[in-house]
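Participant: Need a 3D model of the sequence below.
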Amino acid sequence: MTYGVSRTALLASASALLMTQAAVAQDAAPQNAVELDTILVSSTTSTRTGQVATDSLSGSTVVTGDIIKDEFASNRISDVLDTMPGVWTDENADDPATAINIRGLQDFGRVNVMIDGARQNFQRTGHNANGMFYVDPEMIRAIDVTRGPTSTIYGSGAIGGVVDFRTLTADDVLRGDENVAGRLKGRLESNSSGGNGHAEAAARVGNAFDVIAAGTWGDWGAYTDGHGDEIPNSGYDLKSGLFKARVRPAYGHEITASALLYNATYDQGTATVYDTDTWADTYRLNYRYQRPEDRIFDLSAQVYYTSTKTDQTITAVPNYFPRPSLGSTRTFEIETTGVDVFNTSRVALGATEHALTYGFDAFRDQVSTSDPDPFGSGDEFTPPGKRNVYGGYLQDQMTVGMLDVIAALRYDGYDLDGQGTSSSGEHLSPRITVGITPVDWITIFGTYAEAYRAPSLTETTWTGTHPPVGGAPPFEFLPNANLDPETAHNVEGGINFRFDDVVQSGDRFRARVMGYYNQVDDYIGTVVLPFSFRPGAVCSSPPFCYQYQNISQANLWGFEAGMDYDAGRWFAGLSGTIARGVDAETGDNLDTIPPDRLTLTGGFRALQQHLTAGGRLNLVAAQEKVSADLQTDAYATLDLFASYEVKDGVSVGLNIDNVFDTYYEPFLDAEAAPGLNAKLTLDLRLGGKLN
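Facilitator: Residues are numbered from 1 along each chain as shown. So this is what the prediction gives:
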């Protein structure tokens with residue numbers, strides 16, 4: 001579907017709105033600063049004890065739903081993630097999936113991606129990242145990120161970090177004493193000649209029950225890059241839905257059941273084009289017990305099921321032979337069933353306060369693939385099988401005076417079986433963190449933490465022949481049942497700063513600067529094996545073979561900074577990242593290390609905070625420390641955002657991405673990014689109280 005909205009019209013609206021905002025800002029009365037410590041409270045810090053993210057002794061960052069929707073208004077969550085310290089994303093324009101890179105680590109679960117605590121483990125081998133997820137940003141109320149392997153209590157494998165997307169609740173729609181409310185939202189975009197519609201409805205019965213239902217429909221055409229060239233197959237259609245009900249049968253007890261549904265249809269590929277239909281569904285049942293006066297039990301128990309399935313049908317084939325047949329189909333599916341239980345007991349021994357957190361988690365991945373075409377290889381490169389991963393942990397967070405100490409130990413175990421190949425293993429991972437707060441405005445901390453990642457089914461069992469392409473000869477992929485798991489040994493340290501009333505009464509400044517060094521033993525990567533006629537040679541098929549093998553050691557290090565200042569009338573933020581990584585044996589740079597990046601955000605509020613406007617400057621350095629085909633040039637982009645509450649329940653928003661229509665190719669992405677894109681949003685909300 002095409003929308004009759006031109007770039008010129010949207011830009012004219014943008015200019016008028018921004019000039020109006022600048023004028024009224026000069027007359028705005030002083031306003032209180034947004035409560036940074038309130039909006040950044042995270043349920044997913046590295047300790048799982050509900051700390052304020054800016055006070056945590058780790059690289060934790062939280063982005064709230066208001067920022068996601070007002071400052072970005074994007075159909076891809078990567079636009080938000082790419083502004084966080086230490087975080088990068090990997091995407092293909094012809095697939096709405098996203099892969100997350102934290103501190104140079106990605107793929108095969110090195111970053112544990114969750115939605116409401118349910119793991120998203122989808123992986124499909126091809127010319128894309130080996131670990132992707134699908135999510136509709138309209139359904140997200142917050143993103144919790146913990147960088148590095150300090151977050152091992154969130155499950156096995158997270159040697160890079162943890163990202164948890166928290167979905168909407170009835171509280172995001174209902175206000176005050178309302179017991180029914182609804183929201184309608186529509187957005188038009190100039191670049192892709194598309195947009196989306198979104199609806200939410202919520203109801204509450206006293207404090208005993210509430211429910212929310214939400215849905216999104218989106219239709220985006222192919223976008224154009226900064227040179228004005230259309231990127232083939234970069235459009236897609238989206239349908240998503242959310243249903244969540246919460247029951248509180250007694251004081252302190254809460255049961256939540258939710259279903260999150262996602263469906264995208266799109267064309268994928270260049271030489272061979274696939275009509276693609278992807279479903280990504282998450283179902284969960286959670287029990288929570290929490291009473292402020294109960295210091296022994298603070299319990300959470302959750303079971304979940306996630307399924308991501310991609311069906312593809314070939315609609316175009318290349319002009320070389322051999323080639324797959326028109327109309328051939330293939331399917332990739334991963335089903336994950338999991339459980340996660342933990343409790344925190346708080347006790348005081350003398351002058352020391354202890355928060356003891358203990359629990360266990362487990363999940364099973366069931367991979368199913370089908371590619372019956374004689375020249376198809378999808379079921380060989382993403383082989384079927386099953387994997388069980390499980391673990392338990394004990395953590396003691398101690399506070400005495402100005403000193404905080406976190407001591408933790410996690411046990412991990414796994415077993416996998418597929419294509420006649422199996423493996424298993426187990427490991428103990430310790431963590432120790434020490435933080436000292438000599439004065440109220442500064443905390444200095446340091447951590448040593450280990451984490452353990454089991455090999456995936458694909459790394460262990462993939463096998464088959466890559467078809468000849470464009471005259472190039474075929475080559476073999478070999479399984480490796482002898483892969484050792486990866487073990488990360490991470491040292492990091494940082495300083496948290498907290499200042500109030502810095503420039504004016506009521507303002508707030510929060511900042512964290514930190515550095516890290518992560519040594520990953522038995523790092524798993526692909527190697528090229530030369531063909532040999534020798535008996536017993538690993539590669540006996542010319543001209544060469546690919547196999548996943550353990551690299552003796554990968555070393556990754558870097559620096560991160562995040563700063564936020566809010567004075568009510570105006571606000572500013574900074575996010576910076578420097579990352580490096582090498583193969584310790586060869587000295588070669590790792591190909592997953594992103595370029596240096598600095599993001600600056602600033603803006604103002606006016607008209608009793610009904611009006612918010614600002615801009616975001618993204619500065620990205622050239623990346624020349626990777627393989628030649630992955631190197632990227634430096635670039636800078638400017639984004640503008642504005643939102644205005646016309647009256648209670650009626651808001652309009654305007655976002656202009658890449659204002660100067662800059663051409664750039666993001667690191668790890670296969671295509672150039674979109675050029676200038678203006679987005680106009682209308683948000684309507686109605687709520688009330690029914691007797």
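Participant: Return the list of strands paired to the host helix or strand of T331, each annotated with direction.
Facilitator: Using DSSP states H and E, T331 maps to strand 329-349. Paired with strand 329-349 in the same sheet, following DSSP bridges, are strand 298-316 (antiparallel), strand 352-370 (antiparallel).
Participant: quick one: low-confidence parts of the stretch 401-550 of the chain?
Facilitator: The stretch 401-550 of the chain contains residues with pLDDT under 70 at 467-473, 534-537.
Participant: which residues in it form helices?
Facilitator: Here the stretch 401-550 of the chain has its helices, by DSSP state H, counting those that start in this stretch, at 457-461.
Participant: same deal with the stretch 51-200 of the chain?
Facilitator: Under the criterion DSSP H, counting those that start in this stretch, the stretch 51-200 of the chain carries helices at the ranges 65-67, 78-81.
Participant: Go ahead and name everything in contact with the first one.
Facilitator: Counting contacts by Cβ atoms under 8 Å, 6 or more residues apart in numbering, the residues outside helix 65-67 that touch it are I39, V80, I140, R141, A142, L168, D172. No exception for glycine: its C-beta is placed from N, CA and C like everyone else's.
Participant: buried stuff in that helix?
Facilitator: Neighbour-count burial for helix 65-67 flags G65, I67 (criterion: 16 or more other Cβ atoms under 10 Å).
Participant: Mind jotting down where the strands sit in the stretch 401-550 of the chain?
Facilitator: Along the stretch 401-550 of the chain, counting by DSSP state E, counting those that start in this stretch, strands occupy 403-418, 421-439, 442-453, 464-466, 475-478, 486-500, 508-530, 544-566.
Participant: want to throw the ones you listed into CSV with distance to L326?
Facilitator: Shown next, in CSV, are the strands of the stretch 401-550 of the chain (distance: least, Cβ to Cβ, whole Å):
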stretch, distance to L326
strand 403-418, 30
strand 421-439, 34
strand 442-453, 40
strand 464-466, 21
strand 475-478, 25
strand 486-500, 41
strand 508-530, 31
strand 544-566, 28
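Participant: who's in contact with N130?
Facilitator: A99, D107, F108, Q123, R124, S456, T458.
Participant: quick one on the thing from earlier: turn the strands paired with strand 329-349 into CSV, columns for mean pLDDT and mean neighbour count.
Facilitator: Listed next are these as CSV, based on pLDDT from 0 to 100; neighbours: other Cβ atoms under 10 Å:
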stretch, mean pLDDT, mean neighbour count
strand 298-316, 97, 19
strand 352-370, 95, 18
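Participant: out of those, nearest to L598?
Facilitator: Minimum separation from L598 across the strands paired with strand 329-349 (Cβ to Cβ) falls at strand 298-316, 34.1 Å.
Participant: Now do the closest one: distance to the chain's middle.
Facilitator: How far strand 298-316 lies from its chain's middle: 15 Å, per Cα atoms, centre = their mean, to the nearest Å.
Participant: Need the CA coordinates for it. PDB is fine.
Facilitator: The C-alpha coordinates for strand 298-316 follow below in PDB (Å, rounded to 0.1, in the frame of the first residue of the first chain):
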ATOM      1  CA  ASP A 298      10.800 -12.400  47.200                       C
ATOM      2  CA  LEU A 299      10.000 -15.000  44.700                       C
ATOM      3  CA  SER A 300       9.600 -15.200  40.900                       C
ATOM      4  CA  ALA A 301       8.700 -18.400  39.000                       C
ATOM      5  CA  GLN A 302       8.200 -18.500  35.200                       C
ATOM      6  CA  VAL A 303       7.600 -21.000  32.500                       C
ATOM      7  CA  TYR A 304       7.600 -20.000  28.800                       C
ATOM      8  CA  TYR A 305       7.400 -21.200  25.300                       C
ATOM      9  CA  THR A 306       8.800 -19.400  22.300                       C
ATOM     10  CA  SER A 307       8.500 -20.400  18.600                       C
ATOM     11  CA  THR A 308      10.100 -18.700  15.600                       C
ATOM     12  CA  LYS A 309       9.300 -20.200  12.200                       C
ATOM     13  CA  THR A 310      10.300 -19.000   8.800                       C
ATOM     14  CA  ASP A 311       8.600 -20.400   5.700                       C
ATOM     15  CA  GLN A 312      10.200 -19.600   2.300                       C
ATOM     16  CA  THR A 313       9.200 -20.100  -1.300                       C
ATOM     17  CA  ILE A 314      11.500 -19.400  -4.200                       C
ATOM     18  CA  THR A 315      10.100 -16.800  -6.600                       C
ATOM     19  CA  ALA A 316      13.200 -16.000  -8.600                       C
END
